[in-house]
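Chemist: below is the structure, and that's it, no one-letter string:
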């Protein structure tokens, strides 16, 4: 009998073995920092594939929110790591999908500069008509506009976008910036969409030229957007957000704050709150109580 029971127990244990593993995975996924990391990874991946941008999905936006005290710094590496991972994976996906076209366009050569260059599919490069510092100021200005617009779209005390339409409005904002002002430097305005794909092209065969081209342009789309987003955030908070009219508290509401509301069957009465300890016996409302509303 013992020989027949033992196999059943081992089979039962084997069937139940995966459950603790799944439970552990679920517990890990329920942690706030893990969810935020995965959200940044997936959203940046999708953003890079469809060429859209939003908040965060952008290391410059994350930096501005941390620098201006809107988000703790301990979340900064988690957000940025998720964004970089999503952007790198999106670059790899794009390369795999268009590998044949890329190979055919340049006759099998992976070029960074020239009329047959394909590295600019993945990252921005300085055009010949601009100097390095002109491109730097261009990226600072465009990212400042982006951050200012993001704060305006999401500011609950101003006139924000309708709930549920924020992503659409932010996408329109990025498109407008790109169409109107993006022809100079390619409007990176986001370290998360420029640096990881550049690393991918370096690994995939374009070589060191992806970092050397344009007088070592690669660092500008990383540093300039950080500075621009901080400047744009300061401009909005200092000049716009701080000047939004606040509704003053009425005197009636202020007086009501120092009184206790007593509800009877016929009216609501306001009774001054006593500073002495409450007794066990109920205190009837005074005769000079002010009626507020009748039912």
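Modeler: Nice, I can see it. Everything numeric in this text was worked out from a predicted model, so none of it was measured.

Chemist: now the helices for the stretch 51-200 of the chain?
Modeler: Per DSSP state H, counting those that start in this stretch, the stretch 51-200 of the chain carries helices over the ranges 59-67, 76-97, 99-105, 132-154, 166-181, 191-201.

Chemist: now the fourth one and helix 166-181, what's the angle there?
Modeler: On the basis of axes from the mean of the first three to the mean of the last three Cα atoms, to 10 degrees, helix 132-154 is oriented at 150 degrees to helix 166-181.

Chemist: now the angle from helix 132-154 to helix 59-67?
Modeler: With the same axes, to 10 degrees as the basis, helix 132-154 and helix 59-67 are set at 60 degrees to each other.

Chemist: just use 290 as the starting number from now, easier for me
Modeler: Let's use 290 as the start, then, which means that last one is helix 421-443.

Chemist: break this protein down into its domains, please.
Modeler: Following automatic domain parsing, one gets these domains for the chain: 316-532, 543-563+576-584.

Chemist: show me where pLDDT drops low in the stretch 340-489 of the chain?
Modeler: Applying pLDDT under 70 to the stretch 340-489 of the chain flags residues 340-341, 343-345.

Chemist: hang on, the earlier thing: save the helices of the stretch 340-489 of the chain as CSV, and put in distance to residue 335 and mean neighbour count too.
Modeler: For every residue, glycine as well, the C-beta is placed using N, CA and C. Output for these, formatted as CSV (distance: least, Cβ to Cβ, whole Å; neighbours: other Cβ atoms under 10 Å):
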stretch, distance to residue 335, mean neighbour count
helix 348-356, 16, 25
helix 365-386, 8, 20
helix 388-394, 21, 12
helix 421-443, 18, 21
helix 455-470, 11, 16
helix 480-490, 12, 24
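
Chemist: and those helices as JSON lines, adding distance to residue 319?
Modeler: Output for these, formatted as JSON lines (distance: least, Cβ to Cβ, whole Å):
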{"stretch": "helix 348-356", "distance to residue 319": "23"}
{"stretch": "helix 365-386", "distance to residue 319": "15"}
{"stretch": "helix 388-394", "distance to residue 319": "38"}
{"stretch": "helix 421-443", "distance to residue 319": "26"}
{"stretch": "helix 455-470", "distance to residue 319": "24"}
{"stretch": "helix 480-490", "distance to residue 319": "25"}
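
Chemist: closest to residue 312 out of these?
Modeler: Among those, the nearest to residue 312 by Cβ to Cβ is helix 365-386 (23.4 Å).
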